[in-house]
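>>> Next one to model:
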Amino acid sequence: MLLAHLSDPHLATGPLTAGPAEGLQAALGRLLGLPTRPDAVVITGDLTDRGDPEGYDQLAQLLADVPIPVYLATGNHDTRETFLSAFSGTAHLAGQDRSHYVAELPGALLVVLDSLLDGSGAGRLGSEQLAWLDDQLSRRPDTPTLLALHHPPIAVGIPFLDGMRLLDADALAEVVIAHRQVVRVVCGHVHRTVTRVLRHHPCHRRGQHLPAERVGHDRSRHHGLPR
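Numbers count the residues shown, from 1 in each chain. Presented below is the predicted three-dimensional model:
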C-alpha cells in the first residue's frame with residue numbers, strides 16, 4: 001500500500017496568486033508519474049490561504065481529474081464551515097459530512113483529524129474528538145492505521161512554531177499509546193520536513209507541497225505498512 005502525503009498548499013485567488021495552485025498541480029503530477037502510483041493522497045490542511053469559497057472551488061477543480069482518492073484535512077488557515085460546505089459528502093471526506101473521519105485504504109486505515117482552533121494559529125482536537133478517535137481505534141485493533149492532522153503533536157525545535165503546535169498533544173499521545181496498530185502520524189503546518197517519535201510512534205511533518213515517502217517495507221525511507 002502506497003500513501004502520499006502533501007500539506008499546506010495555501011491556495012488563493014486574485015491577482016498574483018497563481019503560484020500555490022501551480023505548486024499543488026505540479027506535486028500531484030509528480031505523484032501520478034511515480035513508477036508505482038500511490039493508492040491515495042492525504043493533504044493535511046491549510047488547503048486555502050483565507051478559507052474562502054473561491055479557494056475551495058479552486059481546490060475542487062484541481063482535484064477533479066486526479067484518478068486516485070485524495071483525502072483532505074483542515075488547518076488554521078481554513079474555515080471549517082466553508083470547507084464542509086464545499087466537500088461534505090464527497091469522496092474527499094470519505095463520503096462523510098464532518099471534518100474528522102475514517103478512510104479505508106488497501107490493508108490499512110487512514111484516520112483524518114480536525115485540529116483547527118478558531119481564531120488561533122495553534123491547534124486543538126478536544127475531548128470529544130479524542131474520545132471518538134479512541135473508539136474508532138478500538139474497533140480495528142489489528143488493522144495498521146495512520147493518523148493525519150494539521151498541527152504537529154511534537155516540538156520541531158523552532159520556538160515560534162512550537163508555540164503554534166497541537167495544544168492537547170499529550171492527550172493525543174495517551175490515545176495513541178493505547179493502540180499499537182497506529183504506525184504513523186503525519187501532519188503539516190510548519191512548512192518543514194521533520195521526523196520525530198510520539199510515544200514510540202514515528203511522527204512525520206512534511207514540507208510545503210512535498211510528496212510523502214512510500215508506504216512499504218524499507219523503514220529508512222518508507223512508511224512501514226504492509227503491501
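
>>> going forward, measure contacts between C-alpha atoms and count neighbours the same way
Will do.

>>> In the protein, where is pLDDT below threshold?
Applying pLDDT under 70 to the chain flags the ranges 196, 199-227.

>>> other SSEs contacting the lengthiest helix in it?
If you go by DSSP state H, the chain has its longest helix at helix 18-32. Applying 3 or more C-alpha pairs under 8 Å, 6 or more residues apart in numbering; DSSP states H and E, one finds that helix 18-32 contacts no other helix or strand.

>>> Which positions in stretch 112-122 come out as buried?
By neighbour count with 16 or more other C-alpha atoms under 10 Å, stretch 112-122 contains the buried residues 112, 113, 114, 115, 116, 117, 121, 122.

>>> gap between it and the chain center?
Chain-centre distance of stretch 112-122: 12 Å, with C-alpha atoms, centre = their mean, to the nearest Å.

>>> Most widely separated two among the buried residues of stretch 112-122?
Spatial extent of the buried residues of stretch 112-122 (C-alpha to C-alpha) is set by the pair 112 and 121 at 19.1 Å.

>>> coming back round to it: what are the buried residues along the longest helix of the chain?
By 16+ other C-alpha under 10 Å, the buried positions in helix 18-32 come out as 20, 21, 23, 24, 25, 27, 28, 31.

>>> Stretch 142-153 now?
Buried residues in stretch 142-153, counted by 16+ other C-alpha under 10 Å: 144, 145, 146, 147, 148, 149, 150, 151, 152, 153.
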